[in-house]
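> This is the structure alone, sequence omitted:
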């Protein structure tokens with residue numbers, strides 16, 4: 001069974017002949033800007049495993065970039081989608097009310113850790129749409145025009161979210177970008193300036209927000225501060241809780257809404273159903289939460305959640321869309337959450353994280369170029385450097401690791417400003433045997449690439 005199998009490469013070269021033929025067709029039919037560096041053309045997937053069109057089997061540590069926390073083709077979700085498909089595929093929520101939309105909104109209002117006793121929820125289609133709608137809601141509620149985002153942030157590829165995103169390689173020749181977006185420094189404690197203590201660094205990074213108020217936009221013109229509880233593209237960097245608490249106070253003192261972008265960190269990835277549960281435990285819950293990716297096990301849907309008074313300030317007609325809250329996606333999401341809660345995948349996430357950290361500690365002893373391992377639960381970043389003393393980023397090594405691991409049936413992906421981080425996003429349904437096999441492949445690849 002593919003679900004419990006291990007990586008195996010059966011073709012003499014990668015890609016194999018059938019995969020190469022499909023990849024060649026892709027090159028002719030699809031814009032080159034939509035790149036893919038992996039020699040893989042998927043035929044089927046189960047759990048944490050992919051089988052390609054040539055019969056090669058790969059262990060997937062990317063999971064559709066955080067979409068497949070519950071794994072490929074979970075049989076209960078397949079059946080839930082089939083049952084909904086027998087009834088109807090589509091029912092635009094502006095035209096007809098359907099049970100799945102309402103039930104999913106009720107469930108998310110129950111479990112999402114935003115401030116307020118009564119919460120309301122609506123749906124979009126992608127993470128970028130969720131983030132953009134979160135900003136629209138914040139502006140509608142506060143009647144203010146501006147937002148603050150952070151260095152290292154990634155929020156999407158729409159015109160607004162490109163402006164919100166820090167890495168401007170994502171915006172080449174796409175200007176002018178949306179206005180009203182200002183940027184402060186995100187706390188990247190592994191790379192603190194001047195070897196600051198953590199306490200001093202927290203103050204330094206908080207001061208950068210105050211500097212935006214002085215030099216960019218007055219605080220009374222800021223609708224929201226938008227932050228990823230654990231940065232994704234930026235390098236899998238968790239927001240330190242003392243900094244989050246200080247951020248919460250700044251928002252409260254200035255009438256600013258705090259938005260948690262949990263597009264990638266939601267749905268058990270970080271050892272909680274949502275990473276901002278850690279914030280709530282510290283008394284710093286966000287006002288608005290946006291989420292997507294693993295919400296529906298691969299079907300496109302995203303969600304925006306806030307307390308009722310914020311949601312009800314939005315003018316009629318300014319939010320919503322044709323496919324938002326599609327019935328098939330809602331059915332998948334309801335079943336996904338049910339399984340995650342029943343099987344306690346949050347606890348499994350913490351267990352996986354502990355196993356990876358323990359093995360990486362051993363790898364670091366042999367290969368000091370593994371400079372830092374960080375994250376929450378099973379959302380981990382492995383940062384590679386040329387020298388552990390200077391911490392010079394080693395994106396070249398990570399690029400080589402991606403290709404070397406693929407040769408042996410392990411799919412990994414990079415992250416970080418310099419491409420120096422290996423991101424760990426394996427499905428939480430991965431078996432211990434598969435996890436250890438993947439770690440073996442990674443270590444062997446590291447030996448090969450550092451010779």
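Yep, that arrived. Treat the numbers as computed from the prediction; the structure is a model and nothing was measured.
> Please identify the helix or strand for the nearest residue to residue 196 once chain neighbours are set aside.
In space, residue 196 comes closest to residue 204 once its chain neighbours are excluded; the distance is 6.3 Å by Cβ to Cβ, 6 or more residues apart in numbering. C-betas here are computed from N, CA, C, even on glycine. When secondary structure is defined using DSSP states H and E, the element that contains residue 204 is helix 198-215.
> quick one: contacts of that helix?
The contact list for helix 198-215 (Cβ atoms under 8 Å, 6 or more residues apart in numbering) reads 148, 182-187, 189, 192-193, 196, 219, 222, 225, 240, 242-243, 246-247, 250, 254.
> do the same with stretch 442-451
Under the criterion Cβ under 8 Å, 6+ apart, residues 363, 367, 369-370, 397, 400-401, 404-405, 408, 410, 412, 422 lie in contact with stretch 442-451.
> Same list (the residues you listed) but as a markdown table, adding pLDDT and neighbour count.
Converted to a markdown table, these look like this (pLDDT from 0 to 100; neighbours: other Cβ atoms under 10 Å):
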| residue | pLDDT | neighbour count |
| --- | --- | --- |
| 363 | 98 | 18 |
| 367 | 97 | 17 |
| 369 | 98 | 18 |
| 370 | 98 | 23 |
| 397 | 98 | 21 |
| 400 | 98 | 16 |
| 401 | 98 | 23 |
| 404 | 98 | 19 |
| 405 | 98 | 25 |
| 408 | 98 | 20 |
| 410 | 98 | 25 |
| 412 | 98 | 26 |
| 422 | 98 | 26 |
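> Name the nearest of those relative to residue 163.
Nearest to residue 163 out of the contacts of stretch 442-451 is residue 422 (Cβ to Cβ; 28.4 Å).
> per-residue pLDDT, the residue nearest to residue 196?
According to the predicted model, the pLDDT of residue 204 comes to 97.
> So what's the residue count around it?
Around residue 204 there are 15 other residues, counting by other Cβ atoms under 10 Å.
> just to revisit the earlier point, following element in sequence after the helix holding residue 204, please.
Once the chain leaves helix 198-215, the following helix or strand, as judged by DSSP H and E, is strand 222-227.
> Now find how far off-centre that next one is within its chain.
Taking Cα atoms, centre = their mean, to the nearest Å, one finds strand 222-227 lying 19 Å from the centre of the chain it belongs to.
> With stretch 279-287 instead?
Using Cα atoms, centre = their mean, the mean C-alpha position of stretch 279-287 is found 19 Å from that of the whole chain.
> Filter the contacts of helix 198-215 down to just the buried residues.
With burial judged by 16 or more other Cβ atoms under 10 Å, the buried subset of the contacts of helix 198-215 is 148, 182-187, 189, 192, 219, 222, 225, 242-243, 246-247, 250.
> What about those residues, which are in helices?
Residues of the buried ones among the contacts of helix 198-215 located in helices (DSSP state H): 242, 243, 246, 247, 250.
> For the fourth one, report the pLDDT, please.
According to the model's per-residue confidence, residue 247 sits at a pLDDT of 98.
> all strands of the stretch 151-300 of the chain, in order?
For the stretch 151-300 of the chain, applying DSSP state E, counting those that start in this stretch gives strands covering 181-184, 222-227, 230-231, 237-238, 257-262, 288-291.
> Then the stretch 301-450 of the chain?
Assigned by DSSP E, counting those that start in this stretch, the stretch 301-450 of the chain shows strands spanning 302-307, 370-376, 379-384, 410-411, 413-415, 421-424.
> Can you name every helix or strand that the shortest one contacts?
In terms of contacts (3 or more Cβ pairs under 8 Å, 6 or more residues apart in numbering; DSSP states H and E), strand 410-411 is packed against strand 57-60, helix 432-449.
> Would you point out the most distant pair within the contacts of stretch 442-451?
The two members of these with the most space between them (Cβ to Cβ) are 369 and 408, at 19.3 Å.
> Could you give the average pLDDT over stretch 180-188?
Across stretch 180-188, the per-residue pLDDT values average to 98.
> ditto for stretch 318-327
Mean predicted lDDT for stretch 318-327 stands at 96.
> So which residue is dead centre in this structure?
Residue closest to the mean C-alpha point of the chain, counted by Cα atoms, centre = their mean, is residue 264 at 1.8 Å.
> residues in contact with residue 43?
Per Cβ under 8 Å, 6+ apart, neighbours of residue 43: 51, 52, 53.
> re earlier: out of the strands of the stretch 151-300 of the chain, which gets nearest to residue 62?
Judged by Cβ to Cβ, the one of those that comes nearest to residue 62 is strand 230-231, at 16.4 Å.
> what residues does that closest one touch?
Around strand 230-231, the neighbours that count as contacts under Cβ under 8 Å, 6+ apart are 150, 152-154, 186, 236-239, 264-265, 270, 275, 375-376, 379.
> picking up where we left off before, output the contacts of stretch 442-451 as TSV; include the columns distance to residue 200.
Shown next, in TSV, are the contacts of stretch 442-451 (distance: Cβ to Cβ, whole Å):
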residue	distance to residue 200
363	31
367	31
369	28
370	26
397	31
400	36
401	34
404	39
405	38
408	43
410	39
412	34
422	29
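> right, and out of those, which lies closest to residue 131?
When the contacts of stretch 442-451 are compared against residue 131 (criterion: Cβ to Cβ), the nearest one is residue 422, at 25.1 Å.
> if I pick that closest one, what's in contact with it?
381, 382, 384, 398, 401, 412, 413, 414, 415, 442.
> Quickly name whichever of the contacts of residue 43 is closest to residue 35.
When the contacts of residue 43 are compared for distance to residue 35 (Cβ to Cβ), residue 52 wins out at 18.3 Å.
> For the closest one, give me phi and psi.
Recorded main-chain torsions at residue 52 are phi -90, psi 180, according to degrees, to the nearest 10.
> what number of residues lie near it?
If you count neighbours by other Cβ under 10 Å, residue 52 ends up with 25.
> Kindly report the same for the one 10 residues further on.
Here the count is done by other Cβ under 10 Å, and residue 62 has 19 residues near it.
> Looks like residue 223 contacts residue 258 (just checking).
No: contact status for residue 223 versus residue 258: not in contact, 11.0 Å apart, counting by Cβ atoms under 8 Å.
> nearest residue to residue 174 other than its sequence neighbours?
Distance criterion Cβ to Cβ, 6+ apart; nearest residue to residue 174, sequence neighbours excluded, is residue 162 at 6.1 Å.
> Helices of the chain, residue ranges please.
Taking DSSP H as the criterion, the chain carries its helices at 17-29, 63-66, 75-85, 99-111, 127-142, 159-164, 198-215, 241-254, 276-281, 308-311, 327-342, 345-366, 395-407, 432-449.
> Good, we can wrap up now.
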